[in-house]
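# Here's a sequence, model it:
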Amino acid sequence: MQSCPRRIVSKNAVQFYLSLRHYSQKWDVVRNAEVRRFARDCMTSVGTKPDHAESLAEVLVLADYRGHYSHGLNRLDMYVKDIQTGITVSDKDPVITKESAATAFVDGQNLLGPVVGNFCMDTAITKAKQSGVGWVVARGSNHYGIAGHYAMKAADQGLLGMSFTNTSPLVVPTRAKKTILGTNPISLAAPGLHGDNFVLDMATSTAALGKIELHERKQIPIPDSWGVDSHGKMTNNPTAVLNGGGQMPVGGAEETSGYKGSGLGFLVEIFCGILSGSAYGPSIRRWKNTTTVANLGQCFIAVEPNSFMPGFEERMSDLMDICRSLEPAEKDKEVLVAGDPERLHMTMCDDSGGIPYHPNQIQYAVDLAKTLNVKPMVTNPRT
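Residues are numbered from 1 along each chain as shown. As a prediction, this is how the structure comes out:
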């Protein structure tokens, strides 16, 4: 597992790290391997092939390890239900239906998203090493976890990696009341020196849906600009967003450039849904619907930086260091680059002996274990 590079552990970054430690000490800690075992057991208990269950478990653990709790253990019951109902399958493998030296078109055959995603990015990586770039588009896929997982697979091999997916219509475009776009995430991982990669992994909505769900589960209000109610009015009530409302695009309201977030959402839809011929926009099944096949479209890109000017990693690290060395506007808030908060979270997890989970998340896992008759997660003594 990746650790925090020495160069970003400054005085203020340490304060941020200590704040993570403070909240983690109030939570239950579970070793990474134990979370992975639990996720794998839950999936195999409903008929998922072991290697497919392992692919999913890997993505879920990585999400929580990096601090993206909205896409980790929080999502496990959704994948379980998809396999239980048969609306997602686990008895096939992805297939390439058309390809060139630098491109491939993949039929995901309605398999779990991480199975399709790993296959596609591995294909893109192979093509990038041979041709300088690999561009792979898939249809017939499902929810694939954090987009950054696939981008980082390329960065780990010295390539630029990009990953995109369309999702269920959850976002209300600027000036509208109805949801027609997904949260449609964008990810770019760019390698620097000594593992100090730039990792952008963002929804084109203001916040990931899972964060709103977690706020509802914890019974706390959401911040401004995260969502609107059924009348298209901004609300701090997560239940109003989840029941009849919708999420807002990056930027929030029109006055704060939300139309730019809408444009980015369309960009992802073009790369994924339109290019692949999968379901797109409002034609994608509603969130957590287990009666309709998702048929998501996804896009994976790998680029060999040495196909261009040599020294990419050195320049990448130089730019990141320039940014981190800037004087902060607020003394207690260090200037960071994409990927820094996640590395600090991983360091906190390593020092804690595992991933800290809120008690409500632990209870959720306990309930799921009882339902599926699998061994519950074992927590570590608090440090």
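# Toward the C-terminus, what is the element adjacent to the helix or strand of the chain with the lowest mean pLDDT?
Lowest on mean pLDDT, DSSP states H and E among the helices and strands of the chain sits helix 11-24, with a mean of 54. Toward the C-terminus, helix 11-24 is succeeded by strand 28-30 as the next helix or strand (DSSP states H and E).
# That following strand - what's its average pLDDT?
The pLDDT scores in strand 28-30 average 94.
# Which elements pack onto the next helix or strand after it?
Counting by DSSP H and E, the next helix or strand C-terminal to strand 28-30 is helix 32-45. When contacts are defined as 3 or more CB pairs under 8 Å, 6 or more residues apart in numbering; DSSP states H and E, helix 32-45 sits against helix 50-65, helix 76-85, helix 359-372. In this view, the C-beta of every residue, glycine as well, is placed from N, C-alpha and C.
# which of the residues in helix 32-45 are buried?
Within helix 32-45, the residues that count as buried by 16 or more other CB atoms under 10 Å are 32, 34-45.
# Those into TSV, with extra columns for distance to His52?
Below are these laid out as TSV (distance: CB to CB, whole Å):
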residue	distance to His52
Asn32	20
Glu34	20
Val35	18
Arg36	14
Arg37	16
Phe38	16
Ala39	12
Arg40	10
Asp41	13
Cys42	13
Met43	7
Thr44	9
Ser45	13
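# ok, those residues vs Gly297, which is closest?
Checking the buried residues of helix 32-45 against Gly297 by CB to CB gives Met43 as the nearest, at 23.6 Å.
# ok, the closest one to Leu56 distance?
6 Å (CB to CB, to the nearest Å).
# okay, and the common contacts of those two?
Common neighbours of Met43 and Leu56 (criterion: CB atoms under 8 Å, 6 or more residues apart in numbering): Tyr79.
# now the helices and strands packed on helix 32-45 in TSV, with mean neighbour count?
Listed next are the helices and strands packed on helix 32-45 as TSV, based on neighbours: other CB atoms under 10 Å:
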stretch	mean neighbour count
helix 50-65	22
helix 76-85	19
helix 359-372	16
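# of those helices, which approaches Asn295 most closely?
helix 76-85 (12.8 Å).
# Pull the contacting residues for Lys375.
Going by CB under 8 Å, 6+ apart, Lys375 touches 38, 41, 369.
# Doesn't it lie inside a strand?
No - Lys375 is assigned coil when assessed by DSSP: H, G, I helix; E, B strand; the rest coil, not a strand.
# how far does the longest helix seen in the chain sit from the chain's center?
In the chain, assigned by DSSP state H, the helix with the most residues is helix 113-131. In terms of CA atoms, centre = their mean, to the nearest Å, the centre of helix 113-131 is set 17 Å apart from its chain centre.
# quick one on the thing from earlier: JSON lines for the helices and strands packed on helix 32-45, including distance to Arg139?
Formatted as JSON lines, these follow (distance: least, CB to CB, whole Å):
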{"stretch": "helix 50-65", "distance to Arg139": "19"}
{"stretch": "helix 76-85", "distance to Arg139": "17"}
{"stretch": "helix 359-372", "distance to Arg139": "30"}
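# quick one, which of the ones you listed is nearest to Leu160?
Going by CB to CB, the one of the helices and strands packed on helix 32-45 nearest Leu160 is helix 50-65, 19.3 Å.
# Would you mind listing the outside residues contacting that closest one?
1, 32, 35-37, 39-40, 43-44, 48, 69-73, 75-76, 79, 90, 111-112, 114-115, 117-118, 144-146, 149, 345-346, 349, 355, 357.
# what do you get for stretch 118-126?
For stretch 118-126, using CB under 8 Å, 6+ apart, the contacting residues are 55, 93-94, 96, 104, 106, 134-136, 138, 150, 153-154, 157, 159, 161, 163, 298, 300-302.
# From those residues, keep the buried residues only.
55, 94, 104, 106, 134-136, 138, 150, 153-154, 159, 161, 163, 298, 300-302.
# Pretty sure Val106 sits in a helix.
No - counting by three-state DSSP, Val106 falls outside a helix, being strand.
# List the contacts of the nearest residue to it once chain neighbours are set aside.
Distances taken as CB to CB, 6 or more residues apart in numbering put Ala138 closest to Val106, at 4.1 Å, once the chain neighbours are dropped. Ala138 sits next to 94, 105-108, 116-117, 120, 276, 278, 297-300 when contact means CB under 8 Å, 6+ apart.
# ok so, going back, out of the buried ones among the contacts of stretch 118-126, which sit inside strands?
Secondary structure from DSSP state E places 104, 106, 134-136, 138, 161, 163, 298, 300-302 of those in strands.
# now those residues as CSV including distance to Met377?
What follows is these, written out as CSV (distance: CB to CB, whole Å):
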residue, distance to Met377
Ala104, 38
Val106, 34
Gly134, 37
Trp135, 39
Val136, 35
Ala138, 32
Gly161, 31
Ser163, 28
Gln298, 30
Phe300, 31
Ile301, 35
Ala302, 34
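# Could you dump those residues into CSV with pLDDT and distance to Met202 added?
Shown next, in CSV, are these (pLDDT from 0 to 100; distance: CB to CB, whole Å):
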residue, pLDDT, distance to Met202
Ala104, 98, 25
Val106, 98, 24
Gly134, 98, 22
Trp135, 98, 21
Val136, 98, 21
Ala138, 98, 21
Gly161, 98, 15
Ser163, 98, 11
Gln298, 98, 16
Phe300, 99, 17
Ile301, 98, 16
Ala302, 98, 19
